[in-house]
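1. Coordinates for the following, if possible.
(chains A and B)
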Amino acid sequence: AQSVTQLGSHVSVSEGALVLLRCNYSSSVPPYLFWYVQYPNQGLQLLLKYTTGATLVKGINGFEAEFKKSETSFHLTKPSAHMSDAAEYFCAVSEPNDKIIFGKGTRLHILP
Amino acid sequence: DGGITQSPKYLFRKEGQNVTLSCEQNLNHDAMYWYRQDPGQGLRLIYYSQIVNDFQKGDIAEGYSVSREKKESFPLTVTSAQKNPTAFYLCASSIVRGGTYEQFFGPGTRLTVL
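-> Numbering: from 1, shown residues only, chains lettered A, B, ... in the order given. Sure, this is the predicted structure:
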């Protein structure tokens, strides 16, 4: 069965610093992987996704994630944090023709 | 523009009353989902439907009911049997076959029981 673990329910970084949000997954077959972002009182918006091919995936707002099969990880990074990045971030996994499973989310705080 | 709409944005209900949350999509997606979101608990799946006139219980279906009479619509009823209904409710849709199951979300409805 698929599962997703996000390490850290809250992460704080200074404005301009590196953002690193960790996600590990479990899947019996090559997975599809996703990162979503949620701003307060809004729905989730897709940041980026990995399906096949290049393991480094670039998304919106300067975020990227790298699929590492050997580590079963799909960590989200951004070189320089901006105040507008403050939000909750969800990692998710699905297998082909199966429904998506979400992690519990990581709230990102940006310190001025 | 294609997307998912949820209405209303905010909803207040007296204890003991049933209330129905609307979800409509024009993405031509087969599957639709309802999630409940509480602080610190992520998304919890209430019900989902992969085809018209069929739906399945998710992880926390007790006290909720749904219908799927049209492909575009998947309303959720919060019944008086739901012990703690105050929460943020999200509707989503996705392609079922031949896709990645990437889900598209509506803006959510915040339900408050008074």
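
2. so what's the backbone phi/psi at A:Glu71?
-> The phi and psi values for A:Glu71, taken as degrees, to the nearest 10, are phi -100, psi 0.

3. before we move on, what about A:Met83?
-> According to degrees, to the nearest 10, A:Met83 has phi -60, psi -30.

4. so what's it closest to, chain neighbours aside?
-> Closest residue to A:Met83 apart from its sequence neighbours, by C-beta to C-beta, 6 or more residues apart in numbering or on different chains: A:Ile110 at 5.1 Å. No exception for glycine: its C-beta is placed from N, CA and C like everyone else's.

5. residue contacts, the one you found?
-> A:12-15, A:81-83, A:85-86 (C-beta atoms under 8 Å, 6 or more residues apart in numbering or on different chains).

6. can we see that at 7 Å?
-> A:13, A:15, A:81, A:83, A:85-86 (C-beta atoms under 7 Å, 6 or more residues apart in numbering or on different chains).

7. list the contacts for the most centrally placed residue in chain B?
-> By C-alpha atoms, centre = their mean, chain B has its centre lying nearest to B:Trp34, at 2.8 Å. Going by C-beta under 7 Å, 6+ apart, B:Trp34 touches B:46-47, B:66, B:76, B:89, B:91.

8. what do you get for A:Asn24?
-> Contacts of A:Asn24 (C-beta under 7 Å, 6+ apart): A:5, A:72-73.

9. Pretty sure it sits in a strand.
-> Yes. Under DSSP: H, G, I helix; E, B strand; the rest coil, A:Asn24 sits within a strand.

10. Alongside chain B, which residues does chain A contribute?
-> A:9, A:32, A:34, A:41-44, A:46, A:49, A:51, A:94, A:97-100, A:102-105 (C-beta under 7 Å from any C-beta of the partner chain).

11. Quick check on the residues you listed: which are buried?
-> A:32, A:34, A:42-44, A:46, A:49, A:51, A:94, A:98-100, A:102-105 (16 or more other C-beta atoms under 10 Å in any protein chain shown).

12. if we can go back for a sec, kindly indicate the member of the contacts of B:Trp34 with the most neighbours.
-> Sorting the contacts of B:Trp34 by how many neighbours each has (other C-beta atoms under 10 Å in any protein chain shown) puts B:Cys91 first, at 28 neighbours.

13. tell me the SS of that residue?
-> strand.

14. my guess is it meets B:Thr5, correct?
-> No. Proximity of B:Cys91 to B:Thr5 does not meet the contact threshold set by C-beta atoms under 7 Å, at 8.8 Å.

15. Find residues that contact each of those two.
-> Common neighbours of B:Cys91 and B:Thr5 (C-beta under 7 Å, 6+ apart) are B:Gly106.
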